[in-house]
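[1] Kindly return the folded structure for what I paste below:
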Amino acid sequence: MSKNITLKSSYGVSFEVDEAIVLMSQRIKCMIEDDRTNNGITLSKVNSAALVNVIKYYKKHSKANADDTELKAWDINFVRNLNKDTFFALDSAAKYLNIYELIDVMANLFAVIIKGLTFKEETETSSTSQNFYKTTS
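    Residues are numbered from 1 along each chain as shown. Modelled structure (predicted):
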């Protein structure tokens, strides 16, 4: 049985999460391996709304024997049901936390969203994303 890790959003809101779940994040995994978790892990570039959704994603994807087809359908519905601000916050969080599978889901859905837009609409959407194409480090 693994221990709980405290994740703190950029707003200072704390979330207790099973350590095994958060290992999907390469950034958090490195912090755990480097033993930098004594007072929790502060995620300075992840707001509370995005962190709540990251945790939902972790929990869904951590379930043993999860059907791949079911997970893909869940991913699409999960991301599709986010409002625009939460979508872009979650995308930034996925990039910051190095959650590669979630980054792929977000990028694929974003491509579908902008596919039918004019160049002007695409530019406006992209600027709203706060530099969607720029990888957060």
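[2] Taking the centroid of the chain, which residue is nearest it?
    Centroid-nearest residue in the chain: A94, 3.4 Å away (criterion: CA atoms, centre = their mean).
[3] Which elements pack onto the helix or strand containing that one?
    Here A94 sits within helix 84-97, counting by DSSP states H and E. Packing partners of helix 84-97 (3 or more CB pairs under 8 Å, 6 or more residues apart in numbering; DSSP states H and E): helix 26-33, helix 48-62, helix 100-115. Quick note: C-beta positions are derived from backbone N, CA and C, even for glycine.
[4] what are the C-alpha coordinates of that helix, in CSV please?
    Extracted in CSV, the C-alpha atoms of helix 84-97 (Å, rounded to 0.1, in the frame of the first residue of the first chain):
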residue,chain,number,x,y,z
LYS,A,84,-12.6,26.8,-22.4
ASP,A,85,-10.6,28.3,-19.5
THR,A,86,-10.5,24.9,-17.7
PHE,A,87,-9.5,23.2,-21.0
PHE,A,88,-6.5,25.5,-21.4
ALA,A,89,-5.6,25.4,-17.7
LEU,A,90,-5.6,21.5,-17.9
ASP,A,91,-3.5,21.6,-21.0
SER,A,92,-0.9,23.8,-19.3
ALA,A,93,-1.0,21.6,-16.2
ALA,A,94,-0.5,18.4,-18.3
LYS,A,95,2.5,20.0,-20.0
TYR,A,96,4.0,21.3,-16.7
LEU,A,97,3.5,17.9,-15.0
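[5] what comes up buried for it?
    Buried residues in helix 84-97, counted by 16 or more other CB atoms under 10 Å: T86, F87, F88, A89, L90, D91, S92, A93, A94, K95, Y96, L97.
[6] Okay, now the unreliable bits of the chain?
    The chain contains residues with pLDDT under 70 at 1, 64-65, 117, 119-137.
[7] Apply 50 and report the result again.
    128-137 (pLDDT under 50).
[8] Name all residues that make contact with the closest residue in space to Y57 that isn't next to it in sequence.
    Using CB to CB, 6 or more residues apart in numbering and skipping residues adjacent in sequence, the residue nearest Y57 is L102, 5.7 Å away. Contact analysis of L102 by CB atoms under 8 Å, 6 or more residues apart in numbering lists V54, Y57, D75, L90, A94.
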